[in-house]
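>>> Any chance you could fold what I've pasted below:
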Amino acid sequence: MGKPLSTDLRSRLVAAVSAGMSRRRAAERFGVSAASAVRWVAAVNTTGTIAAKPQGGDTRSRRIEAFSGVILAAVAAQKDISLVELAEWLRSEHGASFGASTVWRCLDRHGMTFKKNSTRSRAGSARRRSPAPGLVHRPA
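I've put the predicted structure just below:
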């Protein structure tokens, strides 16, 4: 995604339109699209500002963050619960449908991670394996 065009360019275009130039002609003169010129002038007329709107960022995490306390409590109650099980539990108990990756991003934001260490990564006997260590809280 590109950067927003400068406030100086926006103000000069809006000033030209205010002085009587058409939006399309002003767009040609300042080297921007006609649609941008129309949007900028409309923004000045409605909001009074020519500043660019914020770009990017997370716009959907607030939906799962409403359930973050419930998710963290479920992990505390059952340490070895999987992400798919958490997603299914949210769907059945709370009627909220989330993918496993969305649940993971929520846990990651709250400092929950799958603890890995060198002992568990070594090859060993299949009969003597211990259960998965589960999710643990790491300092943020």
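>>> shaky segments in this protein?
1, 114-140 (pLDDT under 70).
>>> Enumerate every residue touching residue 103.
Neighbour list for residue 103: 64, 71, 83, 86-87, 90 [criterion: C-beta atoms under 8 Å, 6 or more residues apart in numbering]. To be clear about C-beta, it is placed using only N, CA and C from the backbone, and glycine gets the same treatment.
>>> In CSV, list the residues you listed along with secondary structure, neighbour count and distance to residue 33.
Converted to CSV, those look like this (DSSP: H, G, I helix; E, B strand; the rest coil; neighbours: other C-beta atoms under 10 Å; distance: C-beta to C-beta, whole Å):
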residue, secondary structure, neighbour count, distance to residue 33
64, helix, 19, 37
71, helix, 23, 44
83, helix, 18, 43
86, helix, 23, 45
87, helix, 20, 42
90, helix, 20, 43
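>>> Name the nearest of those relative to residue 20.
Sorting the contacts of residue 103 by distance to residue 20 puts residue 64 at the head of the list, at 51.1 Å, by C-beta to C-beta.
>>> Skipping adjacent residues, who's closest to that closest one in space?
Of all residues not flanking residue 64 in the chain, residue 106 sits nearest, at 4.8 Å (C-beta to C-beta, 6 or more residues apart in numbering).
>>> Surely that neighbour touches residue 65?
Yes: using C-beta atoms under 8 Å, residue 106 is in contact with residue 65, at 6.8 Å.
>>> out of these two, which sits in the more crowded spot?
A direct count of neighbours by other C-beta atoms under 10 Å for residue 106 and residue 65 places residue 106 higher, at 21 against 14.
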